[in-house]
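In: sequence and computational prediction follow.
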There are 2 protein chains.
Amino acid sequence: MTYCLAIRCDQGLVFASDSRTNAGVDHVGTYSKMFVFEYLDDRVVTLLSAGNLATTQQVVATLKRQAEDPQAVESLRTFKSIDEVAGYVGRVSRHVQSTDGAAAGGLVDTTSTFIVGGQIGLGRADIFLVYPEGNYISCSEQMPFLQIGEIKYGKPILDRNIHRAISLEDAARAALVSIDSTMRSNISVGPPVELLLYRTGDLQVFRHQTFDLDTPFYAAVKEEWQSALRRALDNLPRFDWE
Amino acid sequence: MTYCLAIRCDQGLVFASDSRTNAGVDHVGTYSKMFVFEYLDDRVVTLLSAGNLATTQQVVATLKRQAEDPQAVESLRTFKSIDEVAGYVGRVSRHVQSTDGAAAGGLVDTTSTFIVGGQIGLGRADIFLVYPEGNYISCSEQMPFLQIGEIKYGKPILDRNIHRAISLEDAARAALVSIDSTMRSNISVGPPVELLLYRTGDLQVFRHQTFDLDTPFYAAVKEEWQSALRRALDNLPRFDWE
């Protein structure tokens, strides 16, 4: 399994992903699920993936190949807005799945789900969730985040804290906590954790970091969160008989 | 859907449940999912249920009928330990499902899952999860809690805080937070919240309370937790560039 999320706040975009892949418990691997396409001063597109690893790799390979081909009819470089890119990723994904899925005869789940986000020129910095069917949705104004994979464990902390006006760094910390909680509760989600921050208007990546469990900053966040939760529990109101 | 949980700590047992039932989004109801069988100074058995409501009601009705029948070959009153009661609940549940499930011809999911817990005489105060197949498991010593229904949203807070030595009241507060987080993130889990505390050795219920969202104690827990999480997020370590 996998857990990836993206947040859209006024200051910019945050992307975060775990790195565990597994086909059953006997075949566990570590793969990055974050793919960054950065064309300085023109566009930044970030892709997060969940689902079939072969499909994901083939989709990403196709995106790269077409982006490097000046003759390509459509590519990550030809579109004028991120929602068009989301539609394009959906078409590529559907094409890969139709080929491999047909060959698998329905015996293997070849579907993948993506989060696509970024900014193109003066367009809006935005994030979209691309379904295996190729269609896509944006996040809502009220709850400006999207999740794919094992989304439930890490959702309460986002539901409670993410809003448009949150600072980019606070959103990034919430994303780390959301992934950390998921990793603690579900072994199919695992380190390292990748984190990317994009500031609206920059048209270049602001920060892209990878954290292992013992990376000092990540370890400090983890430990501080754990003890803050313990304090929070200690400080809850007493029952009337206590 | 549903979310119920039970915690076994050294001081006793905690049971908590939501009250929402739904068959699609058009048919939403409020039913208690906590059933208490209390025979003073002899035994206390608490049942939590998730799954098909008709199955649950028929199982509970059967348990009640047999418990009141002095001639019953087996009933909640005949067993000497809680694990035997778990096996008995499993048998009753399997029987109900086999009748109704066969009639439904596999078109309706008639399965139910239960948590059974309590204490009988000098036996151990314990909790068990009874699967639809009728078999059952106890909780582990390391993670002494069990969950049924929508278990993922509320699991991180339990994973991080529940241990054998936790006080009964702290365990109860963690259970409330676990259910509150789930209700916030998933509309298929809803109020009122029921909470039962049992102190090891008492052979009677210690506290059994029902909270609506605006019950002052529950509202205070909810609000304090929300602001503690916000503070916790505010106090996390800064990134090196901040």
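Out: Nice, thanks for sending it over.
In: in what helix or strand does A:Arg160 lie?
Out: For A:Arg160, the element it lies in under DSSP states H and E is helix A:155-161.
In: could you list every helix and strand in contact with that helix?
Out: Packing contacts for helix A:155-161, counted by 3 or more Cβ pairs under 8 Å, 6 or more residues apart in numbering or on different chains; DSSP states H and E, involve strand A:145-149, helix A:168-185, helix B:168-185, helix B:216-234. Heads up, the C-betas are built off the backbone N, CA and C, glycines and all.
In: at 7 Å what do you get?
Out: helix A:168-185, helix B:168-185, helix B:216-234 (3 or more Cβ pairs under 7 Å, 6 or more residues apart in numbering or on different chains; DSSP states H and E).
In: want to throw these into JSON lines with distance to A:Met34, mean pLDDT and mean neighbour count?
Out: Formatted as JSON lines, the helices and strands packed on helix A:155-161 follow (distance: least, Cβ to Cβ, whole Å; pLDDT from 0 to 100; neighbours: other Cβ atoms under 10 Å in any protein chain shown):
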{"stretch": "helix A:168-185", "distance to A:Met34": "12", "mean pLDDT": "96", "mean neighbour count": "24"}
{"stretch": "helix B:168-185", "distance to A:Met34": "24", "mean pLDDT": "96", "mean neighbour count": "24"}
{"stretch": "helix B:216-234", "distance to A:Met34": "23", "mean pLDDT": "96", "mean neighbour count": "16"}
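In: in a markdown table: the ones you listed, plus distance to B:Thr30.
Out: Formatted as a markdown table, the helices and strands packed on helix A:155-161 follow (distance: least, Cβ to Cβ, whole Å):
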| stretch | distance to B:Thr30 |
| --- | --- |
| helix A:168-185 | 29 |
| helix B:168-185 | 13 |
| helix B:216-234 | 16 |
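In: return the residues in contact with A:Asp170.
Out: Contacts here follow Cβ atoms under 7 Å, 6 or more residues apart in numbering or on different chains; on that basis A:Asp170 touches B:Leu233.
In: in chain A, which spans are strands?
Out: A:3-9, A:12-17, A:20-22, A:28-30, A:34-39, A:43-51, A:112-120, A:126-130, A:136-138, A:145-149, A:193-199, A:207-211 (DSSP state E).
In: can I get those strands in a markdown table with mean neighbour count, distance to B:Val89 and mean pLDDT?
Out: Shown next, in a markdown table, are the strands of chain A (neighbours: other Cβ atoms under 10 Å in any protein chain shown; distance: least, Cβ to Cβ, whole Å; pLDDT from 0 to 100):
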| stretch | mean neighbour count | distance to B:Val89 | mean pLDDT |
| --- | --- | --- | --- |
| strand A:3-9 | 27 | 35 | 98 |
| strand A:12-17 | 27 | 42 | 98 |
| strand A:20-22 | 19 | 34 | 88 |
| strand A:28-30 | 12 | 37 | 88 |
| strand A:34-39 | 17 | 47 | 97 |
| strand A:43-51 | 25 | 38 | 97 |
| strand A:112-120 | 27 | 39 | 98 |
| strand A:126-130 | 24 | 41 | 98 |
| strand A:136-138 | 16 | 43 | 97 |
| strand A:145-149 | 24 | 35 | 98 |
| strand A:193-199 | 23 | 42 | 98 |
| strand A:207-211 | 17 | 45 | 97 |
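In: for chain B, which of those strands is the nearest?
Out: strand A:207-211 (7.2 Å; Cβ to the nearest Cβ).
In: can you tell me which residues in chain A are near chain B?
Out: Neighbours of chain B within chain A, by Cβ under 7 Å from any Cβ of the partner chain: A:152-153, A:155-156, A:159-161, A:169-170, A:173-174, A:181, A:184-185, A:217, A:220-221, A:224-226, A:228-230, A:232-233, A:235-237, A:239, A:242.
In: give me the average confidence score over the helix ranked longest in chain A.
Out: Using DSSP state H, we find that the single longest helix of chain A is helix A:82-104. Mean per-residue pLDDT for helix A:82-104: 91.
In: that helix vs strand A:12-17, what angle?
Out: Per axes from the mean of the first three to the mean of the last three Cα atoms, to 10 degrees, the angle that helix A:82-104 makes with strand A:12-17 is 20 degrees.
In: so how far is A:Met34 from A:Gly87?
Out: According to Cβ to Cβ, to the nearest Å, A:Gly87 stands 21 Å off from A:Met34.
In: can you check A:Asn235 too?
Out: Distance of A:Asn235 to A:Met34, computed by Cβ to Cβ: 37 Å.
In: ok, now A:Lys64?
Out: Distance from A:Lys64 to A:Met34, by Cβ to Cβ: 14 Å.
In: what's the answer for A:Ile148, then?
Out: According to Cβ to Cβ, A:Ile148 stands 12 Å off from A:Met34.
In: shared neighbours, the two?
Out: A:Leu48.
In: report pLDDT for the closest residue to A:Arg173 other than its chain neighbours.
Out: Among residues not flanking A:Arg173 along the chain, B:Leu236 sits closest, at 4.7 Å (Cβ to Cβ, 6 or more residues apart in numbering or on different chains). B:Leu236 is assigned 97 on the pLDDT scale.
In: give the contact list for B:Leu236.
Out: B:Leu236 neighbours (Cβ under 7 Å, 6+ apart): A:173, A:221, A:224-225.
In: can we see that at 10 Å?
Out: B:Leu236 sits next to A:169-170, A:172-174, A:176-177, A:217, A:220-222, A:224-225, A:228 when contact means Cβ atoms under 10 Å, 6 or more residues apart in numbering or on different chains.
In: what's the answer for A:Tyr3, then?
Out: A:16-18, A:20, A:33, A:48, A:50, A:147-154, A:178-179, A:181-183, A:186, A:188-190, A:193.
In: from B:Arg8, how far out is it?
Out: 29 Å.
In: check A:Asn161 too.
Out: Distance from A:Asn161 to B:Arg8, by Cβ to Cβ: 32 Å.
In: now do A:Leu107
Out: With Cβ to Cβ as the criterion, A:Leu107 and B:Arg8 are 42 Å apart.
In: can you check A:Asp170 too?
Out: Distance, A:Asp170 to B:Arg8, by Cβ to Cβ: 37 Å.
In: for A:Glu68, same thing?
Out: From A:Glu68 to B:Arg8 the distance is 59 Å (Cβ to Cβ).
In: now do A:Leu158
Out: For A:Leu158, the distance to B:Arg8 (Cβ to Cβ) stands at 31 Å.
In: just A:Gly51 next, same as before
Out: According to Cβ to Cβ, A:Gly51 and B:Arg8 sit 38 Å apart.
In: same question, A:Val193
Out: Note on A:Val193: its distance to B:Arg8, by Cβ to Cβ, is 33 Å.
In: ditto for A:Ala220
Out: Distance, A:Ala220 to B:Arg8, using Cβ to Cβ: 33 Å.
In: same deal with A:Leu63?
Out: 51 Å.
In: give me the pLDDT value at A:Lys109.
Out: Quick fix: residue A:109 reads Asp, not Lys. On the pLDDT scale, A:Asp109 gets 87.
In: contact partners for the residue nearest to A:Asn52 when sequence neighbours are not counted?
Out: Excluding the flanking residues, the one nearest A:Asn52 by Cβ to Cβ, 6+ apart is A:Thr110, at 4.8 Å. By Cβ under 10 Å, 6+ apart, the contact set of A:Thr110 is A:51-52, A:54-55, A:58, A:96-104, A:132.
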